[in-house]
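Structure for this input, please:
(one chain, ligands or ions: 1)
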Amino acid sequence: MGFPAQRIGILTGGGDCPGLNGVIRAVAKTAQGTYGAATLGIEDGFEGLVEGRMHELVPRELSGILALGGTILGTSNKGDPWHYPVETAPGKLEIQDVSYKALRNIERWGIDALVAVGGDGTMHIASRLMAAGVPVVGVPKTIDNDVAATDVTFGFDTAVSVVSEAIDRLTTTASSHHRVMVVEVMGRYAGWIALMGGVAGGADVILLPEIPFRWEHVFRKVNERHASGKRYSIVCVAEGARLPGGGEVIRELDIRRTDAKQLGGIGAVVAAEIQAGTGDEARVVVLGHLQRGGSPTAADRLLATGYGVAAAHCACSGQHGVMVAMRNGAVVPVPLAEATASQRTVPPDHEMVRAARAVGTSFGDA
Ligand code: F6P
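Numbers count the residues shown, from 1 in each chain. From the prediction side, this is the model:
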């Protein structure tokens, strides 16, 4: 146990997702209401911590934001203090360790506990800050649902709803035109969005990073449907799925990010292969950032509120070095080290994979 906190800093790091504002609101209201503690909103994730951009959150800012997508604080996935892009000359970027600036700002601003809301990248940085002596509490967010030590992250339910609704819409046009519609979804190295969104939308083929696929199995599924009179198919592919005999499809490399790889583009490859391999007309739709935007679902608002309240209790009562997590239906603190030890990917025999197979969905592996 650390010391109780009277001045909490909060930041949102990495890609945004619906529910972040619900966490900010719950942390600040609980800190103030239960402990009389102030909350400093740090702007643009760790960038704001390094650059000393923050302000005390006032009640006006916390009103009416539960249903608001994005983050009122701003975020960035290029602000890792130990891997910080610095322009040393016009057009010349250098990656530097500027963690001393982040630590100095924590002291300057009198932050006695830091709530870091983010995905696995943010949890790794939070752990390093903890090791450097900063009392930290993590809150797991990401549409990817790939943070270890928690059953679920907020933002995921909203993304799955977007995918499911998109597939519903694409199904009617695919059916009218007798086409194969390939839907590329996000998720990085985890296939959770493709799996859950694909099953919810009734996709005929789901391609995941965790289950290697072969073209002939994908073609066979499409051909079988065609032969049985169903002249359209829906293929839901995770951006991180690996091509047969190849690797991930990478859109861009960006050295300013801790993980330079930006995935994207596999949908177009899958559509072209299916068109060539089956003779059926194929189209691709990349859902992209639509999955991250807009209002959170009710489930994500509840999760965000539960996580935010729990994080404020941990921060203000001196329970640091933890991440709040959902375990078997209850919000509990778990050691940060557990959250950073691994990445949570889809077990190939996950019950939803088995359910999908039972209703005839192909994963391109048989
Ligand atoms: O981690 C969330 C996520 O949306 C991933 O699913 C995706 O690969 C990545 O972020 C996209 O990042 P950016 O918004 O920087 O393009």
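
going forward, measure contacts and count neighbours with C-alpha atoms only.
Noted.

Spatially nearest residue to N21 (excluding sequence neighbours)?
T71 (5.4 Å; Cα to Cα, 6 or more residues apart in numbering).

can you pull the contacts of the residue of the stretch 251-366 of the chain found nearest the ligand?
Across the stretch 251-366 of the chain, no residue is closer to the ligand than L263, which sits at 5.6 Å (Cα to the nearest ligand atom). Contact analysis of L263 by Cα atoms under 8 Å, 6 or more residues apart in numbering lists 188, 239-240, 248-252.

7 Å instead?
Applying Cα atoms under 7 Å, 6 or more residues apart in numbering, we find L263 in contact with 188, 239-240, 249-251.

for T173, same thing?
Contacts of T173 (Cα under 7 Å, 6+ apart): none.

hang on, it is in a helix, isn't it?
Yes - counting by DSSP: H, G, I helix; E, B strand; the rest coil, T173 is located in a helix.

What does the pLDDT read for it?
T173 is assigned a predicted lDDT (pLDDT) of 98.

Can you tell me the SS state at E224?
helix.

any idea of the pLDDT on it?
Residue-level pLDDT assigned to E224 equals 97.

For the residue of the stretch 251-366 of the chain closest to the ligand, list each beta-bridge partner.
Beta-bridge partners for L263, by DSSP bridges, are I250.

what about the residue nearest the centre of the chain, distance to R188?
Among the residues of the chain, the one closest to the centroid is T142, at 2.3 Å (Cα atoms, centre = their mean). Using Cα to Cα, to the nearest Å, we find T142 at a distance of 11 Å from R188.

Tell me the secondary structure at the residue nearest to N21.
coil.

Now do the same contact list for it.
Contacts of T71 by Cα under 7 Å, 6+ apart are 16, 20-21.

again, only this time at 8 Å
Contact analysis of T71 by Cα under 8 Å, 6+ apart lists 12, 16-17, 20-21.

just G360 next, same as before
D204.

go on, the one 4 residues further on?
If you count contacts by Cα under 8 Å, 6+ apart, G364 has them with 205-207, 212-218.

Could you turn the buried ones of those residues into a PyMOL selection?
Applied in PyMOL, the following selects the buried portion of the contacts of G364 according to 16 or more other Cα atoms under 10 Å:
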select buried, resi 205+206+207+212+213+217+218
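
Show me what counts as buried in stretch 244-258.
By neighbour count on 16+ other Cα under 10 Å, the buried set for stretch 244-258 is 248-249, 255-257.

Tell me the pLDDT of the residue nearest to N21.
We have a pLDDT of 98 for T71.

what's the answer for D254, then?
89.

Setting the sequence-adjacent residues aside, check what's closest to it.
Once chain neighbours are set aside, the closest to D254 by Cα to Cα, 6+ apart is A260, at 4.6 Å.

okay, now the one you found: neighbour count?
12 (other Cα atoms under 10 Å).

Next up, phi/psi of it, please.
phi -70, psi -20 (degrees, to the nearest 10).

Help me confirm that it comes into contact with I250.
No - counting by Cα atoms under 8 Å, A260 stays clear of I250, with 10.1 Å between them.

what about E224, how many neighbours?
12.

roughly how far apart are it and the ligand?
Using Cα to the nearest ligand atom, to the nearest Å, we find E224 at a distance of 32 Å from the ligand.

Now do the contacts for the closest residue to R242 other than its chain neighbours.
Once flanking residues are discounted, R242 sits nearest to E248: 4.7 Å by Cα to Cα, 6+ apart. By Cα under 8 Å, 6+ apart, the contact list for E248 reads 239-242, 263, 266.
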